[in-house]
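Colleague: return atomic coordinates for the entry below.
(one chain, ligands or ions: 1)
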Amino acid sequence: MLLVVFFFFFSVQCVPINIEKSPPVPLLLLISFDGFRWDYPDLYHLPHFDQLAKRGVRLENIENSFATVTFPSHFTMITGLFEETHGIVANTIYDPTFNESVTIVGMNDTKWWSQNPWTQPIWITNQLATNSSSRRSGVISWPGCNIAINGHLPTKFQPFEPNRSFDSIVKQMFDWFHENESTRINFGVMYFPEPDETGHLHGPHSPEMAKTLAMVDSYVGQLLQMIDRDEYLRKYLNVIITSDHGMHEIDGKHQIVLEKLIDKSLYNAFGKRAFANIFVKRASDIERIYANLSTLTNYEVYKKSDIPDEYHYQFNVRIGDILIISRIGYEILLPGDDGSERRYGDHGYDNRAESMHPIFYAFGPAFRQINRAKAFRNVDLFPLMSYLLDIPIRLTNGSLENVKHILIDFPSNDFSGWFSRLIHLLTSLFGSSVIVMIFVLLSILVGCIYSVAACRHSSDSLFVENNDFAIRYRLLDDKNGSINNLIVSESEDEIVER
Ligand SMILES: [Zn+2]
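Modeller: From the prediction side, this is the model:
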């Protein structure tokens, strides 16, 4: 009897990931619908999203990073790094080391994406992992997917095309998953630009948004249908559906015009209406300009050295001498923006604002069924996906600890997790007789001691980071003259005040 109990106990604890031998490596599909606010499924009738929630996990929301805009957020999602760390700090960036600025349309040079050698999109990490001959990544339309980042491109990729249909993207993705064994992908990543565009043009609460969301909902229905008809993908594919940021309504009445406040010859400003990085031409003007802007009541204004830690938006040359952030719903018109482009919805604000948070749904063999599971951060997506793909987890700003509650058979050292799983198994096998339960409890005690020892090795290989060990980067002095002027710091103590 004791042996039977041990057998079930170890079968639960020692299987590292709940994915079977065939296919040879795990399958994962990541989908981002741009600007899909966390509460749209509660505000609008979206039956297929309701179906998603029943099928797997729906998180309360994702806690995204500052700045809450498209390119930076998408790069954070696939690198696990805060924006100050990976360097894509806005949709319009100025880099003083290049003395150049760029918008998303022109961000086609690797120099923008490879600011430091630690930045690695997970599609590359997948390709470079053990048994890499079976691992291939296919990426469609995701920001940066057509750029070699630190020397690597995805195995298969198709850059963003504005009018491309969802249908065509999914069809291509499924074809890639179904190629012959020597060329097929095990990791698919895809991006779709709605409902963000509708959010800007009509606002998050509008009949047009209802229509667009109904369309996106039908895409999800189509996706579920395709997976369910496909035995291979239905059985083995894990799917994550998420987004980069939310959307807040804009009334157009709360604006400041930056050049009316400061002489525009003194600085250059880069960003958008929700926030801006201000690069002051002469260092001696910084205090004066800061003093002027800091009198504004509905805008947060920081000198670079004073940007609050919780933004994780300071230690990078691409962040301005002064950072200005509009309070939610407010706007800054930068030089060159005459305000003629009317927006009814916007994002880019404080990442802690509720309306900036995006959705997260996931289903497949690795996920539990939980509705409204506890939120985690967008940097945690990287360790989550590394776990799902069964690849070593690189050191990033994310933590696997934060996502374990949504995973089945997580190889945790948490005693309560082991306990409840074992009790569940035994009651289903033997019923709830008191004698059996007493026996079970005794068995657990012995089993736990043995199991900790037996599984120590596999657990160690997964837990390479934790909540207290966030990677940070800091700037070197200009006199070091390095283009790559970021160095890694492994503890808060090592961060040098500038
Ligand atoms: Zn976006």
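
Colleague: report the closest residue of the stretch 251-400 of the chain relative to the ion.
Modeller: Distances between the stretch 251-400 of the chain and the ion by Cβ to the ion are smallest at residue 347, namely 6.8 Å. Any C-beta I mention is one placed from the backbone N, CA and C, and that applies to glycine too.

Colleague: just say helix, strand or coil for the residue lying closest to that residue once chain neighbours are set aside.
Modeller: Nearest residue to residue 347, sequence neighbours excluded (Cβ to Cβ, 6 or more residues apart in numbering): residue 245, at 4.5 Å. Following DSSP: H, G, I helix; E, B strand; the rest coil, residue 245 is assigned to coil.

Colleague: which residues are in contact with residue 245?
Modeller: Contacts for residue 245 (Cβ atoms under 8 Å, 6 or more residues apart in numbering) come out as 35, 64, 68-70, 73, 347-348, 356-358.

Colleague: give me that answer again for 6 Å
Modeller: Going by Cβ atoms under 6 Å, 6 or more residues apart in numbering, residue 245 touches 64, 68, 73, 347, 356, 358.

Colleague: tell me where the stretch 251-400 of the chain has helices.
Modeller: Using DSSP state H, counting those that start in this stretch, the helices of the stretch 251-400 of the chain run over 258-261, 286-293, 381-389.

Colleague: up against the ion, what does the chain have?
Modeller: 34-35, 70, 196, 244 (Cβ under 5 Å from the ion).

Colleague: end-to-end on stretch 83-91?
Modeller: Stretch 83-91 has an end-to-end distance of 11 Å (Cα to Cα, to the nearest Å).

Colleague: got a list of contacts for it?
Modeller: Contacts for stretch 83-91 (Cβ under 6 Å, 6+ apart): 67, 69, 71-72, 75, 79, 104, 115, 119, 271, 312-316, 318-319, 473.

Colleague: mind checking how far that stretch is from the chain centre?
Modeller: 13 Å (Cα atoms, centre = their mean, to the nearest Å).

Colleague: let's number from 813 now, not from 1
Modeller: Okay, residue one is now 813; in that scheme the one you just asked about reads as stretch 895-903.

Colleague: now that stretch: buried residues?
Modeller: For stretch 895-903, the neighbour count (16 or more other Cβ atoms under 10 Å) marks 895-903 as buried.

Colleague: dump those to TSV, plus pLDDT, distance to residue 1020 and secondary structure.
Modeller: Below are the buried residues of stretch 895-903 laid out as TSV (pLDDT from 0 to 100; distance: Cβ to Cβ, whole Å; DSSP: H, G, I helix; E, B strand; the rest coil):
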residue	pLDDT	distance to residue 1020	secondary structure
895	96	30	helix
896	95	35	helix
897	95	37	helix
898	96	34	helix
899	96	35	coil
900	97	30	coil
901	97	31	coil
902	97	27	coil
903	97	23	coil
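
Colleague: and the two most separated of the residues you listed?
Modeller: Using Cβ to Cβ, the pair of the buried residues of stretch 895-903 lying farthest apart is 897 and 903, separated by 17.6 Å.

Colleague: so who does whatever residue of the chain ends up closest to the ion touch?
Modeller: Using Cβ to the ion, the single residue of the chain nearest to the ion is residue 882, 3.1 Å away. Counting by Cβ under 6 Å, 6+ apart, residue 882 touches residue 1056.

Colleague: recalculate using a threshold of 7 Å.
Modeller: 846, 903, 955, 1056 (Cβ atoms under 7 Å, 6 or more residues apart in numbering).

Colleague: same check on residue 865?
Modeller: Applying Cβ under 7 Å, 6+ apart to residue 865 gives the contacts 1173, 1183.

Colleague: for it, give its distance to residue 835.
Modeller: Taking Cβ to Cβ, to the nearest Å as the measure, residue 865 falls 27 Å from residue 835.

Colleague: ditto for residue 1035
Modeller: With distances taken as Cβ to Cβ, residue 1035 is found 20 Å from residue 835.

Colleague: for residue 953, same thing?
Modeller: Taking Cβ to Cβ, one finds residue 953 at 25 Å from residue 835.

Colleague: compare the two (neighbour count), which wins?
Modeller: A side-by-side neighbour count of residue 953 and residue 835, using other Cβ atoms under 10 Å, places residue 953 first with 21 against 17.

Colleague: keeping just the C-alphas, turn stretch 1213-1220 into PDB.
Modeller: Output of stretch 1213-1220 as PDB, limited to C-alpha atoms (Å, rounded to 0.1, in the frame of the first residue of the first chain):
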ATOM      1  CA  GLU A1213       7.400  32.400  -8.900                       C
ATOM      2  CA  ASN A1214       4.700  34.900  -9.900                       C
ATOM      3  CA  VAL A1215       3.100  32.700 -12.500                       C
ATOM      4  CA  LYS A1216       3.100  29.200 -10.900                       C
ATOM      5  CA  HIS A1217      -0.500  29.500  -9.700                       C
ATOM      6  CA  ILE A1218      -1.800  29.200 -13.200                       C
ATOM      7  CA  LEU A1219       0.200  26.100 -14.100                       C
ATOM      8  CA  ILE A1220      -0.700  22.400 -13.600                       C
END
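
Colleague: list the buried residues in it.
Modeller: Neighbour-count burial for stretch 1213-1220, with 16+ other Cβ under 10 Å as criterion, is recorded at 1213-1219.

Colleague: what two of those have the greatest distance between them?
Modeller: 1213 and 1218 (12.2 Å).

Colleague: next, the distance between the ends of stretch 982-1000.
Modeller: Across stretch 982-1000, first to last residue, Cα to Cα, it's 10 Å.

Colleague: and it, how far out from the chain's middle?
Modeller: The mean C-alpha position of stretch 982-1000 is separated from the chain mean by 23 Å, Cα atoms, centre = their mean.

Colleague: what average pLDDT does it get?
Modeller: For stretch 982-1000, the mean per-residue pLDDT is 97.

Colleague: can you give the contact residues for it?
Modeller: In contact with stretch 982-1000 (Cβ under 7 Å, 6+ apart) are residues 835, 837-841, 935, 938, 946-950, 952, 967-968, 970, 1002, 1035, 1038, 1045, 1201.

Colleague: which ones are touching the residue most central in space within the chain?
Modeller: The centroid of the chain falls nearest to residue 889 when counting by Cα atoms, centre = their mean (2.6 Å). The contact partners of residue 889, taken as Cβ under 7 Å, 6+ apart, are 1056, 1190, 1193.

Colleague: can you list these in JSON lines and add pLDDT?
Modeller: Shown next, in JSON lines, are the contacts of residue 889 (pLDDT from 0 to 100):
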{"residue": "1056", "pLDDT": "98"}
{"residue": "1190", "pLDDT": "96"}
{"residue": "1193", "pLDDT": "98"}
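
Colleague: no further questions, thank you.
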